[in-house]
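*Asks:* Here's a sequence, model it:
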Amino acid sequence: MQICSVCSEQTPKYKCPVCKIRYCSVSCYKNHKDECLPVKQTASPALAPDFKATHHCDGNWSVEDLLDEDDQSDRVPLQRLKELGESKELKALLCNPHLRQLLLTVDQADNKADIMKVAMQEPLFVEFADQCLKIVEPITEENICPMI
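*Replies:* Just a heads-up that it's a prediction; the model follows:
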């Protein structure tokens, strides 16, 4: 099990797009970014990609900037992400200012696990999460538990 390269306390959830160290939170990233150095190009570009090759000139980043082969199992296919953006049900839910505030609170929280426990007590947030999961992981025969 890995630990955060910055605070050495939590399990890392993110990877720096520049130097590839793993960190656990926004606050750890903010502490790290001032000392961050790009990884040096090695003989194998697949093992240590050049930052200029993955970081877009316009300042935007892509999912590939943050993931490597180890993260592939957690990756949501681009088509599913597009379906999230096109979902009328999600758009309708996002019209609710209370839900938008909940999402901002979760996004800005340092301890995501604790804030998620609180957010999951809100029926509106649960409805939003369920709708997202219906799109990202649609129900199929293989992921239905048989009734005993």
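*Asks:* can you pull out the strands in this structure?
*Replies:* Using DSSP state E, the strands found in the chain span residues 14-15, 22-23.
*Asks:* Out of these, which is closest to residue 137?
*Replies:* Among the strands of the chain, strand 14-15 comes nearest to residue 137, with 21.8 Å by C-beta to C-beta. Placement of C-beta: from N, CA and C, glycine included.
*Asks:* ok, the closest one: who's next to it in the sheet?
*Replies:* Counting by DSSP bridges, the strands paired with strand 14-15 are strand 22-23 (antiparallel).
*Asks:* taking the mean pLDDT, what do you get for the partner strand?
*Replies:* In this model, strand 22-23 has an average pLDDT of 84.
*Asks:* One more: stretch 92-106?
*Replies:* 90.
*Asks:* Tell me the buried residues in it?
*Replies:* Within stretch 92-106, the residues that qualify as buried by neighbour count (16 or more other C-beta atoms under 10 Å) are 93, 99, 102.
*Asks:* Tell me who's in contact with the first one.
*Replies:* Remark: with contacts taken as C-beta atoms under 8 Å, 6 or more residues apart in numbering, residue 93 is in contact with 99, 124, 127, 128, 131.
*Asks:* Could you pull out the helices in the chain for me?
*Replies:* Listed in chain order, the helices of the chain (DSSP state H) span 26-33, 51-54, 63-66, 78-86, 88-93, 97-108, 112-119, 123-136.
*Asks:* Just the C-alphas of the first one, formatted as CSV.
*Replies:* Read it as helix 26-33. Output of helix 26-33 as CSV, limited to C-alpha atoms (Å, rounded to 0.1, in the frame of the first residue of the first chain):
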residue,chain,number,x,y,z
VAL,A,26,-5.3,19.5,-2.9
SER,A,27,-3.4,20.8,0.1
CYS,A,28,-0.6,18.3,-0.5
TYR,A,29,-0.5,19.3,-4.1
LYS,A,30,-0.3,22.9,-3.2
ASN,A,31,2.6,22.2,-0.9
HIS,A,32,4.3,20.1,-3.5
LYS,A,33,3.9,22.2,-6.6
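*Asks:* Many thanks, we can stop here.
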